[in-house]
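Asks: Show me how the following folds:
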Amino acid sequence: MCYTFLYRSSKKKEKKMKTLKLLGKRVELDQCPVLMEYSPEENFLDKWQVMLGNWEYSDGWLIGTEPGNQGGILFSRESYDEDIIFSFTAKTVLPATRDVNALFCAHWDKDIDYLGNAYIIGLNGWYDHKSGIERSPETGLRCLNDAYRYTPGSEVRITTGIIKDHLFLYADDTLVTELIDPHYISGGHVGFSPYCTKLAIKDIKVQKAVYTPIRQSYNPEF
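Replies: From the prediction side, this is the model:
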């Protein structure tokens, strides 16, 4: 089940988002315990492991580059078993314009030496500058749209994650999409995946997802 939300605020809010309003759920971010908070520094390999691509630290950012037609993948060394909210600030490094991608519930397939089970979220991807969520390996489970357009080179605050079978993706204060996976992945690493592009990442946070169920219903409008 896939829910795509086409509304985009015309004025970007400067304050960080405090509340996630999802289908049947309300998440107050300040009530979600912090599992990991990380600002990039030179010894980033203490917290992260390079699986593919080229990664370096530069002036407060993690810089990931992948020149091939694949994902340049960085994994957190820690794995998270609980439902999580994963947030970070990202930008493309111009002239790169596309695939602001991240991963969660991610696992490495040693047999093929590539990404195994994982959720991939992205902005300006899927060949036609689409945004959304898909499941790896390719199973046909994805939810994409071209209503949200990321401005290349600009900073964007991405908030994503999973609550049981319920996945979501925010860009700044815009809810880009929600996706229900009836056969959802449990647990795994978080990370990033510039796909044939160059990205910069900072201000990374992983929180345990705590939510309040909301009963929603309609009343007649006539």
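
Asks: From here on, just use CA atoms for contacts and neighbour counts.
Replies: Will do.

Asks: quick one: average pLDDT of whichever strand in the chain runs longest?
Replies: Longest strand of the chain, by residue count under DSSP state E: strand 198-208. Average pLDDT, strand 198-208: 98.

Asks: Return the distance of the helix or strand following it from the chain's centre.
Replies: Following strand 198-208 in sequence order, the next helix or strand is strand 212-213 (DSSP states H and E). On the basis of CA atoms, centre = their mean, to the nearest Å, strand 212-213 sits 22 Å off its chain's mean C-alpha point.

Asks: Which elements pack onto strand 212-213?
Replies: Strand 212-213 is packed against strand 25-28, with contacts defined by 3 or more CA pairs under 8 Å, 6 or more residues apart in numbering; DSSP states H and E.

Asks: Report the buried residues of the strand it packs on.
Replies: Buried residues in strand 25-28, counted by 16 or more other CA atoms under 10 Å: 25, 27.

Asks: Give me the sheet partners of whichever helix or strand comes after that strand and which way each runs.
Replies: Next helix or strand after strand 25-28 toward the C-terminus (DSSP H and E): strand 34-38. Strands that pair with strand 34-38, judged by DSSP bridges, come out as strand 198-208 (antiparallel).

Asks: what does the strand it pairs with contact?
Replies: If you take CA atoms under 8 Å, 6 or more residues apart in numbering as the criterion, strand 198-208 is touched by 32-40, 60-66, 82-94, 96, 100.

Asks: Those, buried ones only, as a ChimeraX selection?
Replies: Entered in ChimeraX, the line below selects the buried ones among those, by 16+ other CA under 10 Å:
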select :32,40,61,62,63,64,65,66,82,83,84,85,86,87,88,89,90,91,92,93,96,100
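
Asks: isn't Trp55 right next to Leu62, touching?
Replies: Yes: with contact defined as CA atoms under 8 Å, Trp55 counts as touching Leu62 (6.9 Å).

Asks: Okay, now stretch 93-100: how far is its last residue from its first?
Replies: This stretch, stretch 93-100, spans 10 Å end to end (CA to CA, to the nearest Å).

Asks: Repeat that for stretch 24-41.
Replies: Counting by CA to CA: the opening and closing residues of stretch 24-41 are 39 Å apart.
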